[in-house]
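>>> okay, here's the prediction I keep looking at, along with the sequence it came from:
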Amino acid sequence: MTVATAITFTWLGMVLAISFLEAPLKFRAPGVTLPLGLGIGRVVFAALNRVEAGFALGLAACLVAGPRATLPVVFAAVAVVALVVQLVAVRPALTRRSDRVLAGEDGPRSHAHFVYIGLEVLKVAALLAFGIAVLATA
């Protein structure tokens, strides 16, 4: 489970750094407009989500290949399901909204952003719990 632990804490660190540090701070940088920040965010989160999908597959492979207790599997499943919901249900809504903003439209704020953040918090908690559970059983 050493590989699973490494994957978990690397994934956790990336989500914390990008979602909770880079994403909000980029809009505070001088000269960063909303369209520019959205464009940067789309590129960064597309890359993050691709890497996360790879981490999810790697974690699943570790769980299939090695010994596993029920609770860590549940934590891993919660993290993976949160990612899948983000990619399948929430990201398309965020993309549609950012497309409209980048096209110059002005409209109401999207509630999908808050859903995405909630899923990020859930994913962080699940990854942290999984990592701790795996270390505790090692």
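Perfect, I can see it now. Small disclaimer: the values here were computed from a predicted structure and weren't measured.

>>> going forward, measure contacts and count neighbours with C-alpha atoms only.
Noted.

>>> what helix or strand is residue 37 on?
Following DSSP states H and E, one finds residue 37 within helix 34-65.

>>> list the helices and strands that helix packs on?
When contacts are defined as 3 or more CA pairs under 8 Å, 6 or more residues apart in numbering; DSSP states H and E, helix 34-65 packs onto helix 2-17, helix 70-85, helix 91-102.

>>> for it, buried residues please.
37-38, 41-42, 45, 48-49, 52-53, 55-56, 58-60, 62-63 (16 or more other CA atoms under 10 Å).

>>> nearest to residue 32, out of the helices and strands packed on helix 34-65?
With CA to CA, the closest approach to residue 32 among the helices and strands packed on helix 34-65 belongs to helix 91-102: 13.7 Å.

>>> in the closest one, which residues are buried?
Across helix 91-102, burial judged by 16+ other CA under 10 Å covers 91, 93-94, 97-98.

>>> and those, which is closest to residue 28?
residue 98 (18.3 Å).

>>> tell me the pLDDT at residue 1?
Predicted confidence (pLDDT) for residue 1: 66.

>>> quick one: the helices and strands packed on helix 34-65 as TSV, columns for distance to residue 127 too.
Listed next are those as TSV, based on distance: least, CA to CA, whole Å:
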stretch	distance to residue 127
helix 2-17	6
helix 70-85	6
helix 91-102	20
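
>>> for residue 119, which of the ones you listed is the nearest?
The closest of the helices and strands packed on helix 34-65 to residue 119 is helix 70-85. By CA to CA, the value is 5.7 Å.

>>> output the closest one in PDB with nothing but the alpha carbons.
Extracted C-alpha coordinates of helix 70-85, given in PDB (Å, rounded to 0.1, in the frame of the first residue of the first chain):
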ATOM      1  CA  THR A  70     -13.500  -1.900   4.200                       C
ATOM      2  CA  LEU A  71     -13.100   1.600   5.600                       C
ATOM      3  CA  PRO A  72     -10.200   2.700   3.400                       C
ATOM      4  CA  VAL A  73     -12.000   1.400   0.400                       C
ATOM      5  CA  VAL A  74     -15.000   3.500   1.300                       C
ATOM      6  CA  PHE A  75     -12.900   6.600   1.700                       C
ATOM      7  CA  ALA A  76     -11.200   5.900  -1.700                       C
ATOM      8  CA  ALA A  77     -14.600   5.300  -3.300                       C
ATOM      9  CA  VAL A  78     -15.900   8.700  -1.900                       C
ATOM     10  CA  ALA A  79     -12.900  10.500  -3.400                       C
ATOM     11  CA  VAL A  80     -13.300   8.800  -6.800                       C
ATOM     12  CA  VAL A  81     -17.100   9.300  -6.900                       C
ATOM     13  CA  ALA A  82     -16.700  13.000  -6.000                       C
ATOM     14  CA  LEU A  83     -14.200  13.400  -8.900                       C
ATOM     15  CA  VAL A  84     -16.500  11.600 -11.300                       C
ATOM     16  CA  VAL A  85     -19.500  13.800 -10.300                       C
END
